[in-house]
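> predicted model and sequence below, questions to follow.
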Amino acid sequence: MTVLIEAVGLHKRFADIKAVDGISLKVPKGEVLGFLGPNGAGKSTTMKMITGFLEPDAGKAAICGIDVFEEPKKAKMLFGYVPEGAPSYGEMTPRTFLSFIAEIRGFRGAEITSRVARSVDRAGLEPVLDQVIDTLSKGYKRRVGLAQAILHDPPVLIMDEPTDGLDPNQKHHVRQLISEMAADKAIIISTHILEEVEAVCSRAVVINKGIIVADGTADDLLQRMHYHGAVSLKVVADRADAAIRALSGAPVVERVETIGKPNGHLLLRAIPRQKTMTAAEIAAVLRAQNIPVDELYVERGRLDDVFRQITMPEEGDRDA
Ligand SMILES: Nc1ncnc2c1ncn2[C@@H]1O[C@H](COP(=O)(O)OP(=O)(O)OP(=O)(O)O)[C@@H](O)[C@H]1O
């Protein structure tokens, strides 16, 4: 495993606010890490420290083994950073801005033209290439930020909400681009969009109040839901008591919850004693009692609920 991004014990305080309170992580080549957390959790502050744009109170960060504070110039050649919001130099056009960035990154002559052309193509910027950046839509401004980050084809990409402000087609396009680039890079994206985590991230790290509160694949996180693997079913109301009795007596079922009463029916959820309970087992229990079932499905859980459960445990139903 080649670790391309490493943060060790990052801390940052702004007056009384502990924005980041001891974050360590390693991201190997080939991984797209989704950085999640509620507003103010410390995501942007962490990313700014990993990229050397903000000095930590304690801790260090390295890109491809190069310390971002000890050797900032060398480290900056090795990553692309999409910061929050719009790019600076808003009075330039994407063409002049990207040429300028290419020059800063040390490219010359025809190399500048070809680098700019390639990143313009990948970020889908052709329609606005000669329009002043300040006058672009939010989505196109994000794309300019993305184009400058990938211009030098760095092994590491750090993107702060890269799809913020994009329409659904643009979001899809950027996610596809991230997935295409993923194999030979280490990528961190911060996002509030949980479907994005499932779509592009091989790992998700959730932070809250400056510390890491969960770290795993999207599936790992889903398994933290207390009803992950539960079986939900719909029975006619006049057989509901019989269904609840039959299910409560089944050895695979820990308990049965009533989750709704849509017209003439009862929606039940059977919570498994062990994660291995199957829909077939539940169907068999009811069939043995001749109780007809209208719908029956295994709950996977929603990442939104997991997120709330992890970051607002007092509100959710935490058991993980
Ligand atoms: N320059 C600053 N001066 C003072 N406080 C700051 C500064 N930058 C960040 N903070 C505070 O640090 C905390 C973490 O902010 P940060 O921007 O890292 O959160 P975030 O997780 O990126 O939030 P969001 O999802 O809203 O972008 C917040 O309470 C924020 O108000």
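On my side now, so go ahead. Numbering: from 1, shown residues only.

> was I right about L267 contacting I244?
No - look at L267 against I244 with C-beta atoms under 8 Å: they stay out of range, at 11.8 Å. Every C-beta, even on glycine, is put in place using the N, C-alpha and C of the backbone.

> what about the residue nearest to H173 when sequence neighbours are not counted, how many neighbours?
Nearest non-adjacent residue to H173, counting by C-beta to C-beta, 6 or more residues apart in numbering: G124, 6.0 Å away. For G124, the neighbour count with other C-beta atoms under 10 Å is 18.

> any idea how far G124 is from S179?
Separation of G124 from S179 (C-beta to C-beta, to the nearest Å): 15 Å.

> would you map the helices across the protein?
Under the criterion DSSP state H, helices of the chain are mapped to 43-50, 72-76, 94-104, 110-123, 138-150, 168-182, 194-200, 218-222, 240-248, 279-288, 303-311.

> list just the one of these that sits closest to K29.
helix 168-182 (9.4 Å; C-beta to C-beta).

> tell me the contacts of the closest residue to A62 other than its chain neighbours?
Once flanking residues are discounted, A62 sits nearest to E6: 4.8 Å by C-beta to C-beta, 6+ apart. By C-beta atoms under 8 Å, 6 or more residues apart in numbering, E6 lies in contact with 25-27, 61-62, 65.

> identify the residues contacting P162.
82, 142, 145-146, 174, 178, 189, 191.

> so which bits of the chain are right by the ligand?
Residues of the chain lying close to the ligand (C-beta under 6 Å from any ligand atom) are 14, 17, 19, 37, 39-45.

> just the ones of those residues in strands?
14, 17, 19 (DSSP state E).

> what pLDDT does the second one get?
Among the per-residue scores, I17 shows a pLDDT of 94.

> follow-up on the earlier one: so which of the helices of the chain gets nearest D160?
Closest approach to D160 among the helices of the chain is made by helix 43-50 (5.4 Å; C-beta to C-beta).

> list the buried residues in the closest one.
43-50 (16 or more other C-beta atoms under 10 Å).

> which other helices and strands contact it?
strand 3-14, strand 17-28, strand 32-36, strand 58-63, strand 156-160, strand 186-190 (3 or more C-beta pairs under 8 Å, 6 or more residues apart in numbering; DSSP states H and E).

> what lines up beside the fifth one in the sheet?
To tie it back to what came earlier, the one meant is strand 156-160. strand 79-82 (parallel), strand 186-190 (parallel) (DSSP bridges).

> what's the answer for the first one, then?
Sheet pairing here is set by DSSP bridges, and for strand 3-14 it gives strand 17-28 (antiparallel), strand 58-63 (antiparallel).

> now mean neighbour count too, for these, in a markdown table please.
Converted to a markdown table, the strands paired with strand 3-14 look like this (neighbours: other C-beta atoms under 10 Å):
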| stretch | mean neighbour count |
| --- | --- |
| strand 17-28 | 19 |
| strand 58-63 | 20 |
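
> to N290, which of the ones you listed lies closest?
Nearest to N290, of these and by C-beta to C-beta, is strand 17-28 at 54.5 Å.
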